[in-house]
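A.B. asks: mind folding the following:
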Amino acid sequence: MPQDTLNSTWILAVDDEPSVLSFLTRALRRFGYRVEAASSARDAEELLLADPYRFGMVILDLTLPDMPGDHLLARLRAERPALPVLLISGRPWSGPSGPRTRFMTKPFGLLDFLEQVRGLLAVASPSALDHARP
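C.D. replies: As a prediction, the model looks like this:
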């Protein structure tokens with residue numbers, strides 16, 4: 001099994017489509033990442049509130065049925081401004097991006113996805129990962 005150098009980081013994957021969530025979790029686990037999956041914004045918030053520094057990265061679908069992903073992103077940024085977030089959606093998005101926030105349009109391939117994950121983790125501030133629990 002291939003291993004990434006930053007694979008001790010927990011990643012929270014949030015998507016309401018079971019097939020997409022399965023793809024995300026299988027791909028990340030295959031490359032040695034530790035993953036928790038949530039199928040709604042409410043489930044994601046519960047996981048994040050239970051242990052705010054457990055996750056070193058979040059992969060977030062923008063079109064969740066119980067809350068728009070950009071609203072959850074705003075809540076994440078209020079609590080953890082340096083947390084790397086990869087936004088995903090089947091629709092174009094023109095919101096803010098930067099070194100700690102990237103966007104991918106679904107569908108996407110495995111290699112492109114992993115490149116984005118690695119890129120976000122590589123530029124994450126030490127404080128974002130230092131507080132993430134191993």
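A.B. asks: can you list the low-confidence ranges for the protein?
C.D. replies: In the predicted model, the chain carries pLDDT under 70 at residues 1-7, 125-134.
A.B. asks: tell me where it has helices.
C.D. replies: 18-30, 41-50, 69-79, 110-123, 126-130 (DSSP state H).
A.B. asks: distance to residue 58 for the ones you listed - can I get that in JSON lines?
C.D. replies: The C-beta positions use only the backbone N, C-alpha and C, and glycine is treated the same way. Below are the helices of the chain laid out as JSON lines (distance: least, Cβ to Cβ, whole Å):
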{"stretch": "helix 18-30", "distance to residue 58": "11"}
{"stretch": "helix 41-50", "distance to residue 58": "8"}
{"stretch": "helix 69-79", "distance to residue 58": "6"}
{"stretch": "helix 110-123", "distance to residue 58": "10"}
{"stretch": "helix 126-130", "distance to residue 58": "11"}
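A.B. asks: in JSON lines, list the ones you listed along with mean neighbour count.
C.D. replies: Output for the helices of the chain, formatted as JSON lines (neighbours: other Cβ atoms under 10 Å):
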{"stretch": "helix 18-30", "mean neighbour count": "16"}
{"stretch": "helix 41-50", "mean neighbour count": "17"}
{"stretch": "helix 69-79", "mean neighbour count": "16"}
{"stretch": "helix 110-123", "mean neighbour count": "16"}
{"stretch": "helix 126-130", "mean neighbour count": "14"}
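A.B. asks: nearest to residue 103, of those helices?
C.D. replies: Of all those, it is helix 110-123 that lies closest to residue 103, at 8.9 Å by Cβ to Cβ.
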